[in-house]
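K.L.:
Structure for the following, please:
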Amino acid sequence: QVRLVESGGGLVQAGDSLRLSCAASGRPLSIVAMGWFRQASGQEREFVGSMRWSGGNTYYADSVKGRFSVSRDIRKNTVYLQMNSLEAEDTAVYYCTLQRVGSTEYDSWGQGTQVTVSS
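P.N.:
Prediction:
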């Protein structure tokens with residue numbers, strides 16, 4: 001079973017930066033991709049960004065392009081979400097997710113970390 005542990009959330013002001021981390025553990029751990037979703041209060045969960053584990057290709061939602069970036073540390077099975085120029089609209093619970101080899105979708109989720117941006 002895969003376990004994902006997020007960290008790095010908090011309260012910041014508009015224009016600030018924040019970095020989220022997500023460490024994956026468990027066996028077997030054959031990663032196809034890791035990514036981030038978010039869910040604001042009263043809204044549906046939405047895609048933020050992701051990275052293919054092999055090759056490092058990244059994908060982003062239009063709303064965060066140019067401000068957020070996803071990176072990884074393969075040795076640590078960890079994915080990061082660097083968030084710059086934060087806006088009040090970025091306030092949400094951020095969830096880390098992972099897609100394993102043999103799966104056609106993200107099949108493991110973290111517990112979520114709160115990011116609050118004050119304007």
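K.L.:
Next, residue 23: phi, psi?
P.N.:
Dihedral pair for residue 23: phi -100, psi 130, per degrees, to the nearest 10.
K.L.:
low-confidence ranges in this structure?
P.N.:
28 (pLDDT under 70).
K.L.:
what residue is smack in the middle of it?
P.N.:
residue 36 (2.6 Å; Cα atoms, centre = their mean).
K.L.:
now what about stretch 17-24, what contacts it?
P.N.:
2-10, 12, 31, 34, 36, 76-86, 94, 96, 98, 108, 110, 113, 115 (Cβ atoms under 8 Å, 6 or more residues apart in numbering). The way it works is simple: take the backbone N, C-alpha and C, and place the C-beta from them, glycine included.
K.L.:
circling back to that earlier point, pretty sure residue 70 is one of the things the residue nearest to the centre of the chain touches, is it not?
P.N.:
Yes. Residue 36 lies in contact with residue 70 (Cβ atoms under 8 Å); the separation is 6.8 Å.
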